[in-house]
Every structure is written in structure tokens, then in C-alpha cells.
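Colleague: would you be able to build a 3D model of this:
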Amino acid sequence: MHTDPPSDSLIGGYLRDDVRILNAHVPRKRKPLAELREEEHPHVICNDGNAHHFRKRELDFLSQMISAEEQKTLLLPIMLEVTHDSGEILIRTKEGTEAKILSRILNMSIVHRNNKIVIYRPQLSIVRKVLKTSTQYVFFPETLRQDKG
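Modeller: Next up, the predicted model:
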């Protein structure tokens, strides 16, 4: 029995819905490090309505690595884009401050190109150990990542 292959846009729609549910923990809006350091209970509100809280010691640690100006532009949490089939973790950045931080944590040169930073799964465990509350996973299927570029 012959059936028509499903439309790519239909499959893409399913993926988008599944990804939306999977990423309910992602913040609605990130906040600059400088602003979070001024809050008594630093947090952001997530898409599911829950609060994501930051450890003050992590915020202090980050502030020691970057300038006061960089603290005003570094948005937290740092979003770590994870795909199912790739060993790469993508971090989108405008200023490149995240590369400076990751270089210090990983004790190696990390560069940003085209507003992106790439790290790999073995490095991810080190980063997450140090910045448990200041980083957050976002799950992003490779097919959708290619669309975003």
C-alpha cells in the first residue's frame, strides 16, 4: 500500500510543539548580571511560570571575571543549546563575554565567531559544575538550528 510521505513542514510543526514543551523551563526573559546582583533573591521567571533562582556565590564569581560594563550586558542564565545527535553545545552571544568566562573556567582559549560559541560535551560537564544556576539547557533539534543559523 502506497502512502504519501509526510510534509516536511508538518514534521517541523510537530518538532516545534515538542520542543516548546521540552523547553518550558527556559526563561521568558533573561536579566543582566549587574541587575541580578542587586536582587535580594536573584531569579528569572520561566515559560512554565516557575522561578529559576541563581546562587549569589555564582553571580559573585562571574562578576570577578568581567568588567562592570560587561556585567551590564551579560544576560543570565547563559543558554546552552543541546542537540540530540551532535556533540556540540552552542552558545549564542552578541558581545562575546561568555567566551571570556568559559575560557577562564575551562582554562583554554574559547573564541566566538558569528555571534556563536561552540563547546563540546566533555567541556559542558565542567562548565555546569561551576555554573550550575547561571547556565541552562535549551533543547534544539538540528533541523531547527539550521533554520536559525
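Colleague: and I117, that one's in a strand?
Modeller: Yes: membership of I117 in a strand is supported by DSSP: H, G, I helix; E, B strand; the rest coil.
Colleague: that one and E95: what is the separation?
Modeller: 11 Å (Cβ to Cβ, to the nearest Å). (Each C-beta comes from the backbone N, C-alpha and C, glycine too.)
Colleague: these two - which one has more neighbours?
Modeller: I117 (21 against 15; other Cβ atoms under 10 Å).
Colleague: any idea how far the more buried one lies from D48?
Modeller: With Cβ to Cβ as the criterion, I117 and D48 are 27 Å apart.
Colleague: cool, R121 as well?
Modeller: Counting by Cβ to Cβ - R121 and D48 are separated by 26 Å.
Colleague: do P27 as well
Modeller: Counting by Cβ to Cβ, the gap from P27 to D48 is 10 Å.
Colleague: partners of the residue nearest the centre of the chain in the sheet?
Modeller: Note on the chain: the residue nearest the mean C-alpha position is M79, at 0.7 Å, using Cα atoms, centre = their mean. M79 has the following beta-bridge partners by DSSP bridges: Q136.
Colleague: before we move on, which element is E81 in?
Modeller: strand 78-82 (DSSP states H and E).
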